[in-house]
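Colleague: Give me the fold of what follows.
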Amino acid sequence: QVQLVESGGGLVQPGGSLRLSCAASGNILNIGIVAWYRQALGKQRELVAALTTGGTTNYVDSVKGRFTISRDNAKNTIYLQMNSLEPEDTAVYYCYNYIQTSGAYSYNHYWGQGTQVTVSS
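Modeller: I've put the predicted structure just below:
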């Protein structure tokens, strides 16, 4: 069984920074693409940032230049560094990992439990 545990959310003032972490544990053989999504109240979940195993990144336009996704393969952990936060960044943030477990031929989708980020003065 695989579990993703997120941490790092909270309340921050506009212009501030936060770093989200997402640690994967369990019967993991390989981790493929990883990503962060967010869902604001009353809105659909949107992709914020993605990172391939080859190091290619993709960001939604609204966070380009402010957010950075990274991964520590040795720790099976991904991060989202968020700088210059704006009230519009307020949402529940979810991590996503595409994981192959030991003994499995295929990869499956796994999600974190979500962490609240609130940007407000």
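
Colleague: quick one, what contacts Y59?
Modeller: If you count contacts by C-beta atoms under 8 Å, 6 or more residues apart in numbering, Y59 has them with V48, A49, F67, I69. For glycine as for every other residue, the C-beta is placed from the backbone atoms N, C-alpha and C.

Colleague: Verify the stated contact: N108 with N97.
Modeller: No - N108 lies out of contact with N97 (C-beta atoms under 8 Å); the separation is 9.3 Å.

Colleague: who's more crowded, those two?
Modeller: Each of N108 and N97 has its neighbours counted (other C-beta atoms under 10 Å); N97 has more, 23 against 11.

Colleague: element containing the more buried one, please.
Modeller: strand 91-101 (DSSP states H and E).

Colleague: For the helix or strand that that strand is followed by, name the packing helices and strands.
Modeller: Heading C-terminal from strand 91-101, the first helix or strand you meet, by DSSP H and E, is strand 107-111. Under the contact criterion of 3 or more C-beta pairs under 8 Å, 6 or more residues apart in numbering; DSSP states H and E, strand 107-111 touches strand 2-7, strand 91-101.
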